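>>> sequence first, then the predicted structure:
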Amino acid sequence: MSRKPDTPQISDWMSLAGQSWMLWGEAASVIWLRSLKLAGGGASARSEAVRMVSEKVASQVEIGMAMMTNPMQGPEAAARASLQHYRSKVRSNRRRLSK
């Protein structure tokens, strides 16, 4: 039985599962680091809270616009694009908050 060229293989989905797991771990560390910063209070905590909410809104708009203007080629492509988008945002927050 031959596979259609545009049909994702199980290894493609396993790769996405691995990337999802990495995103989960990175996001958990960002949540922990942000919680520490917010617990400290003061102007720094207020600016972090504002930044956190504004980043989430901006990120949702970015990925929504990307999906509307550049139609994905199926669920695997949409999942891969979303993971890449969010992992880059989370990774940069983790680096910034770890300093």
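Received the coordinates, thanks. No experiment lies behind these values; they were computed from the predicted model shown.
>>> in terms of pLDDT, where does the residue most central in space within the chain sit?
Centroid-nearest residue in the chain, with CA atoms, centre = their mean: Y86, separated by 1.8 Å. Model confidence at Y86, given as pLDDT, is 95.
>>> work out the gap between the helix or strand encompassing S44 and the centre of the chain.
Per DSSP states H and E, S44 falls inside helix 42-69. Here helix 42-69 is found 12 Å from its chain centre; the criterion is CA atoms, centre = their mean, to the nearest Å.
>>> tell me the buried residues in that helix?
For helix 42-69, the neighbour count (16 or more other CB atoms under 10 Å) marks E48, I63 as buried. Quick note: C-beta positions are derived from backbone N, CA and C, even for glycine.
>>> from the contact counts, what lies against the helix or strand just after it?
Using DSSP H and E, the helix or strand that follows helix 42-69 in sequence is helix 75-98. For helix 75-98, the packing partners by 3 or more CB pairs under 8 Å, 6 or more residues apart in numbering; DSSP states H and E come out as helix 10-40, helix 42-69.
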